[in-house]
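**Student:** Predicted model, plus sequence, below.
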Amino acid sequence: MARIRTAAEAPERRPLWTHLYFQVLAAIVLGAVIGHVWPATGEALKPLGDAFIKLVKMIIAPVIFLTVVTGIAGMRDLGKVGGTALRAFGYFIVVSSFALVVGLIVANVLQPGAGLHVDPASLDEAAVKGYAAKSHDLTVVGFLMDIIPTSVVGAFVDGNILQVLFFSIPFGVALAMVGERGAPALAVLNATAEAFFRLVAIFMRAAPIGAFGAFAFTVGKYGIASIASLATLVATFYGTSALFVLGVLGAIAALNGFSILKLIRYLRAELLLVLGTSSSEAALPSLMEKLEHAGAAKSVVGLVVPTGYSFNLDGTNIYMTLASLFIAQALGIHLSLPEQLLLLGVAMLSSKGAAGVTGAGFITLAATLQVVPSVPVAGMALILGVDRFMSECRALTNFIGNAVATLVVSRWEGQLDRERLAAALNGEAQD
């Protein structure tokens, strides 16, 4: 176990400007200013954000593979792998479904779309036609076809998290079953994993540049003023997500012996990166490393974090029910309780079927609306302009939700080092 340094042994505090979270925050502010004052310049900076996200996505697949395989192969009791997976999925289903219910309740109570009186005939169906077409792929057959790679190499080439997991888990089990003969291979994989996490640290130095470019583009292209007409929806979504994080996830964290606020502070650099890039994947490798550093078992981190990125999308779930009812309210369409429950049930399924689909939030919304004939899918055009501003909140909520899920499942498995967790969340240095 790592020894916690005393105050006398702790190194001198670094200047604030040298911390990654400060650099990312400063980059976001600068990007927002440039995007607002010089919109064309802000739009032109988009390649900086795209390049950083591609840089991180390049190493996500090998990081997941190495973490999962070394974690499982290093376990003495392989029966725990199945138990961990079952507990994780049980948690995902309960908490993500609760997020859908929260969005539904808030939409009914606050009625964010009421009073807009939008004429359905004025909607631009062409604007959402592509999303509606893609939503037809969210079927059980489509999901199974997507999760099984055509080849081992193909899973890594495409960077599909679920496909990488589909191969990594049984490979880790197989390596564990080999026993001592597999020790040399495991040693090589462990060393390779160390190198990749060092590579993650190197790449993260470019995070401020990526956040700067991505945020400048967002503000430059869409403009702060573009959210004014739909400010009620945006504010309601952000408020609901904050309520879910602090209330629901906060209660779950408290019941499992840690503070949600301290966890948010511990992950502040990653959260700012997610905010700047609108992508929770940009901080995935760093999240895995930090959770393991905070005392969560490597095997649990390797299983829960990648699967959570596909099946535990709390922010996306809140968005789906809230946005669906907003559209109905804006069009003056009353949804009965049975229709709302149907919408809720479909959203539960479609949110899981969208794992690995690009633009999943908007696509699953299209799939959900198609089961309620009284609400036209074209109504999504109402929120198309502000969806980008809500994507940051979706990503942040998803990210925090998966961090909490990993620590909770690790505790359930009896594989959470409480001392390391307390030290990490309290900001105490560890050897």
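**Tutor:** Sure, I can see it.
**Student:** How many neighbouring residues does residue 15 have?
**Tutor:** When neighbours are counted by other CB atoms under 10 Å, residue 15 registers 8. No exception for glycine: its C-beta is placed from N, CA and C like everyone else's.
**Student:** my bad, should have said residue 80
**Tutor:** Every residue meeting other CB under 10 Å relative to residue 80 is counted, giving 17.
**Student:** Could you report the neighbour count for the residue nearest to residue 279 when sequence neighbours are not counted?
**Tutor:** Once flanking residues are discounted, residue 279 sits nearest to residue 53: 5.5 Å by CB to CB, 6 or more residues apart in numbering. Using other CB under 10 Å, residue 53 is surrounded by 18 other residues.
**Student:** Over to residue 185?
**Tutor:** So residue 185, with other CB under 10 Å, has 13 neighbours.
**Student:** what does residue 408 give?
**Tutor:** 25.
**Student:** just to revisit the earlier point, verify the assumption that the residue nearest to residue 279 is located in a helix.
**Tutor:** Yes: under DSSP: H, G, I helix; E, B strand; the rest coil, residue 53 sits within a helix.
**Student:** ok, it touching residue 277?
**Tutor:** Yes: with contact defined as CB atoms under 8 Å, residue 53 and residue 277 form a contacting pair (5.9 Å).
**Student:** what touches both of the two?
**Tutor:** 210, 214 (CB atoms under 8 Å, 6 or more residues apart in numbering).
**Student:** hey, where'd the strands end up in the stretch 151-300 of the chain?
**Tutor:** Ranges of strands within the stretch 151-300 of the chain: none, based on DSSP state E, counting those that start in this stretch.
**Student:** So, low pLDDT: which residues of it?
**Tutor:** For the stretch 151-300 of the chain, the stretches flagged by pLDDT under 70 are 159, 222, 224-230.
**Student:** and if we set it to 50?
**Tutor:** Low-confidence segments of the stretch 151-300 of the chain, defined by pLDDT under 50, are absent.
**Student:** need the helices for it, in chain order.
**Tutor:** Here the stretch 151-300 of the chain has its helices, by DSSP state H, counting those that start in this stretch, at 152-158, 161-178, 183-204, 207-222, 231-243, 250-255, 260-266, 268-277, 284-293, 298-311.
**Student:** Now that we have these, can you turn them into TSV and tack on distance to residue 96?
**Tutor:** Formatted as TSV, the helices of the stretch 151-300 of the chain follow (distance: least, CB to CB, whole Å):
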stretch	distance to residue 96
helix 152-158	25
helix 161-178	16
helix 183-204	27
helix 207-222	26
helix 231-243	13
helix 250-255	12
helix 260-266	17
helix 268-277	18
helix 284-293	18
helix 298-311	7
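**Student:** Out of these, which is closest to residue 428?
**Tutor:** Residue 428 lies closest to helix 260-266 among the helices of the stretch 151-300 of the chain, at 11.1 Å (CB to CB).
**Student:** Got the phi and psi for residue 390?
**Tutor:** Dihedral angles of residue 390 (phi, psi; degrees, to the nearest 10) stand at phi -90, psi -20.
**Student:** rewinding a little: between the helices of the stretch 151-300 of the chain, which gets nearest to residue 80?
**Tutor:** With CB to CB, the closest approach to residue 80 among the helices of the stretch 151-300 of the chain belongs to helix 298-311: 7.6 Å.
**Student:** Point out the other elements, helices or strands, that the closest one touches.
**Tutor:** Judged by 3 or more CB pairs under 8 Å, 6 or more residues apart in numbering; DSSP states H and E, the packing partners of helix 298-311 are helix 46-73, helix 79-110, helix 161-178, helix 284-293, helix 387-412.
**Student:** Could you give the average pLDDT over the first one?
**Tutor:** This means helix 46-73. Helix 46-73 carries an average pLDDT of 82.
**Student:** Run the angle between that helix and helix 207-222 for me.
**Tutor:** 130 degrees (axes from the mean of the first three to the mean of the last three CA atoms, to 10 degrees).
**Student:** and if you look at the last one?
**Tutor:** The directions of helix 387-412 and helix 207-222 differ by 140 degrees, with the same axes, to 10 degrees as the criterion.
**Student:** gap between helix 387-412 and the chain center?
**Tutor:** 5 Å (CA atoms, centre = their mean, to the nearest Å).
**Student:** List the buried residues of it.
**Tutor:** Residues of helix 387-412 classed as buried: 387-412 (neighbour count, 16 or more other CB atoms under 10 Å).
**Student:** what do you get for the longest one?
**Tutor:** Neighbour counts over helix 79-110 (16+ other CB under 10 Å) mark 80-81, 84, 87-89, 91-92, 95-100, 102-104, 106-107, 110 as buried.
**Student:** Fine, thanks again, bye for now.
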